[in-house]
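Peer 1: Whatever this is, show me its structure:
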Amino acid sequence: MANFKKEYKQAWTSYTEEDLKILFDYADRYKSFISENKTERECVRTLVKQAEEAGYRNLEELIKTDTKLSAGDKVYANYLDKALILCCIGEKSLEEGLRLLGAHIDSPRLDLKPNPLYEDTDIALFKTHYYGGIKKYQWVALPLAIHGVVAKKDGSMVNIVIGEDESDPVVGISDLLIHLAGEQMQKKLSEAITGEDLNVCLGTIPLQDKEKDKDKEKEKEKDMVKANILNLLNEKYGIEEEDFVSAEIEIVPAGRARDYGLDRSMVIGYGQDDRVCSYASFEAQLEVVRPLKTTMTVLVDKEEIGSVGASGMHSKFFENTVAEILNLVGEYSSLKLRRTLAGSKMLSSDVTAAYDPNHPSVLEKYNAAYLGKGVVFNKYTGSKGKSGSNEANAEYVAELRKMVEDNHIIWQTSELGRIDLGGGGTIAYIVANYGMDVIDCGVGVHSMHAPWEVTSKADLYEMRKTYVAFLKNEFR
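Peer 2: Down below sits the predicted model:
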């Protein structure tokens, strides 16, 4: 009797020894990437370097020289060092549409306030303002690192990383001891630690200034721990307190991504939402070198706060870049730009919640993603009655089903949680405004938005395979 039932496979049981070697090698590259790149700027800097080594050229320079582009040419556009677009020109006209991968490289974190440094009872601290959706209680009592840039008045930029090298100190946010936490423990989780409680401890040693005379002893004793921290930062980075006003400094979990589980089947690391999809998209973009349709990978900022701002998906940066590329291939007109965008197909490369036996009630088991069952397609996201969602067309989903089947890819579908419980969104609905086909496609994650997130190496492997197949695929 014919079997018409749909069954999602367990990926690990289908691999050969060769598959496993490729899978674990890829996971190692990915772990290195997220360990060494914990901010948007670090991601862009690293990916631009690798793209140039792969033959990609800076679009800005080509525009200045009016250098024409043709099939096989590879270019990148770096916007504000916080968003990146990579493009490989295809054999067919751009007007026939692009093959797009779109992910984001920002992650939840703590940002320094413009005036962050202060001293209280001989302890120097940083004031922070959290970025994105976090559970604030998760950020206390763990080692943290300082990453970022300082823009100085003379136009120079200073890169800062403290807390990642084994010889570096780390910083952190104190929690209340259990012996005195009676009142705190009665509060809701969302109120036990407030945003203004997320102050980062920096040090306790006062500045030793022997040159000052005794008449200035009172002045000497004021905020001398803060003065010592400023002195240390000035010695290493040449910055002063006012420079914090023109800085982008992020507080992130310290330490490298690690293998997770006794069988090393998973990855635990910071920022996997959404660098897990960003890195897979980037590698897929570099692998496909002579596409039929022009391929493009868009890595944007600000998704965690609504895709706003100059480096977010709502910006005209993406549309302007497509227009500039059309111009350099000799095809630009306003109408052709609209046709190019409307005729494109996109995978919105973003993560979803994976079913967790510790928290089974928040997901509906028949429409949830599972670790180790492959890449995940979310036909829609949003909340409640699909509010704020892009819902992929049935015809597009059918084409993708055929694509994954033809390429022997292990896949599954998912919703983001139980109806009426919560929800979320990605950049999919924004690019869908151009009229193109878009669907969310990524991997399931445990502990999403926590300082340390967990993914399955099998899912990472199947996701990368999916992105490569998508960029090569000739849809109907």
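
Peer 1: tally of neighbours for residue 303?
Peer 2: 24 (other CB atoms under 10 Å). Where C-beta positions appear, they are placed from N, C-alpha and C, glycine not excepted.

Peer 1: which residues does the nearest residue to residue 71 once chain neighbours are set aside contact?
Peer 2: Nearest residue to residue 71, sequence neighbours excluded (CB to CB, 6 or more residues apart in numbering): residue 91, at 5.0 Å. Residue 91 makes contact with 71, 290-292 under the criterion CB atoms under 8 Å, 6 or more residues apart in numbering.

Peer 1: same deal with residue 465?
Peer 2: Neighbouring residues of residue 465 by CB under 8 Å, 6+ apart: 375, 407, 409.

Peer 1: again with residue 322
Peer 2: For residue 322, the contacting residues are 94, 98, 296, 337, 340-341, by CB under 8 Å, 6+ apart.

Peer 1: For the chain, give me the ranges with low pLDDT.
Peer 2: Along the chain, segments meeting pLDDT under 70 span 1-2, 4, 209-220, 476.

Peer 1: Out of the contacts of residue 322, list just those in strands.
Peer 2: The strands in this structure, assigned by DSSP state E, contain residue 296 from these.

Peer 1: Separate out the buried members of the contacts of residue 322.
Peer 2: Among the contacts of residue 322, those classed as buried by 16 or more other CB atoms under 10 Å are 94, 98, 296, 337, 340-341.

Peer 1: coming back round to it: just curious, which of the contacts of residue 91 is nearest to residue 475?
Peer 2: residue 292 (10.3 Å; CB to CB).

Peer 1: which residues touch the closest one?
Peer 2: Going by CB under 8 Å, 6+ apart, residue 292 touches 90-92, 472, 474.

Peer 1: Give me the distance from the top helix by length along the chain to the chain's centre.
Peer 2: Counting by DSSP state H, the longest helix found in the chain is helix 17-36. Its chain's average C-alpha position is 18 Å from that of helix 17-36, according to CA atoms, centre = their mean, to the nearest Å.

Peer 1: Show me what counts as buried in whichever helix or strand comes after it.
Peer 2: For helix 17-36, the succeeding helix or strand toward the C-terminus, using DSSP states H and E, is helix 40-53. Applying a neighbour-count criterion of 16+ other CB under 10 Å, one finds 40-44, 46-48, 51 buried in helix 40-53.

Peer 1: next one: stretch 263-270
Peer 2: Within stretch 263-270, judged by 16+ other CB under 10 Å, the buried ones are 265-270.

Peer 1: quick one: which of the contacts of residue 91 is nearest to residue 197?
Peer 2: Among these, and counting by CB to CB, the member closest to residue 197 is residue 291, at 50.5 Å.

Peer 1: Next, work out how far apart that closest one and residue 79 are.
Peer 2: Separation of residue 291 from residue 79 (CB to CB, to the nearest Å): 23 Å.

Peer 1: do the same with residue 320
Peer 2: For residue 320 relative to residue 79 (CB to CB), the value is 9 Å.

Peer 1: can you tell me which two in the buried ones among the contacts of residue 322 are farthest apart?
Peer 2: Farthest apart among the buried ones among the contacts of residue 322 by CB to CB are 296 and 337. That separation is 13.6 Å.

Peer 1: returning to what we had before: show me which of residue 320 and residue 79 is the more surrounded one.
Peer 2: residue 79 (20 against 14).

Peer 1: Hmm, the more buried one is touching residue 311, no?
Peer 2: Yes: between residue 79 and residue 311 there is a contact under CB atoms under 8 Å: 5.9 Å.

Peer 1: Give the intersection of the neighbour lists for the two.
Peer 2: Common neighbours of residue 79 and residue 311, counting by CB under 8 Å, 6+ apart, are residue 317.

Peer 1: follow-up on the earlier one: tell me the one among the contacts of residue 465 nearest to residue 347.
Peer 2: Checking the contacts of residue 465 one by one against residue 347 (CB to CB), the nearest turns out to be residue 375, at 9.6 Å.

Peer 1: How many residues are close by residue 315?
Peer 2: 20.

Peer 1: and it, helix, strand or coil?
Peer 2: When classified by DSSP: H, G, I helix; E, B strand; the rest coil, residue 315 comes out as coil.

Peer 1: same deal with the one 4 residues further on?
Peer 2: Of the three states, residue 319 takes helix according to three-state DSSP.

Peer 1: hmm, back to that, elements contacting the longest helix of the chain?
Peer 2: Under the contact definition 3 or more CB pairs under 8 Å, 6 or more residues apart in numbering; DSSP states H and E, helix 17-36 sits against helix 40-53, strand 266-269, helix 272-287, helix 457-472.

Peer 1: Of all these, which one is nearest residue 207?
Peer 2: The closest of the helices and strands packed on helix 17-36 to residue 207 is helix 40-53. By CB to CB, the value is 30.9 Å.

Peer 1: now whatever helix or strand comes next after that closest one: how far from the chain's centre is it?
Peer 2: Downstream of helix 40-53, the next assigned helix or strand under DSSP H and E is strand 57-58. Computed by CA atoms, centre = their mean, the separation of strand 57-58 from the middle of its chain amounts to 23 Å.

Peer 1: What ranges does this protein have for its helices?
Peer 2: Using DSSP H, helices in the chain cover 17-36, 40-53, 59-65, 182-185, 189-192, 217-220, 224-237, 272-287, 317-328, 334-342, 394-406, 428-431, 457-472.

Peer 1: and the ones you listed as JSON lines, adding distance to residue 250?
Peer 2: Conversion of the helices of the chain to JSON lines gives the following (distance: least, CB to CB, whole Å):
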{"stretch": "helix 17-36", "distance to residue 250": "14"}
{"stretch": "helix 40-53", "distance to residue 250": "9"}
{"stretch": "helix 59-65", "distance to residue 250": "26"}
{"stretch": "helix 182-185", "distance to residue 250": "27"}
{"stretch": "helix 189-192", "distance to residue 250": "23"}
{"stretch": "helix 217-220", "distance to residue 250": "33"}
{"stretch": "helix 224-237", "distance to residue 250": "15"}
{"stretch": "helix 272-287", "distance to residue 250": "14"}
{"stretch": "helix 317-328", "distance to residue 250": "21"}
{"stretch": "helix 334-342", "distance to residue 250": "33"}
{"stretch": "helix 394-406", "distance to residue 250": "35"}
{"stretch": "helix 428-431", "distance to residue 250": "24"}
{"stretch": "helix 457-472", "distance to residue 250": "24"}
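
Peer 1: And the ones you listed: which comes nearest residue 307?
Peer 2: Counting by CB to CB, residue 307 lies closest to helix 428-431 out of the helices of the chain; the figure is 6.0 Å.

Peer 1: Which strands and helices lie in contact with the closest one?
Peer 2: Contact partners of helix 428-431 among helices and strands, from 3+ CB pairs under 8 Å, 6+ apart: strand 345-348, strand 437-442.

Peer 1: Residues contacting the last one, please?
Peer 2: Residues lying outside strand 437-442 but in contact with it, judged by CB under 8 Å, 6+ apart, are 274, 276-277, 344-352, 375-379, 381, 390, 392-393, 396-397, 400, 426, 428-429, 431-432, 463, 466.

Peer 1: ok, now how distant is the residue nearest to residue 410 when sequence neighbours are not counted from residue 406?
Peer 2: Spatial nearest neighbour of residue 410, chain neighbours left out: residue 374 (3.4 Å); criterion: CB to CB, 6+ apart. Counting by CB to CB, the separation of residue 374 from residue 406 is 15 Å.
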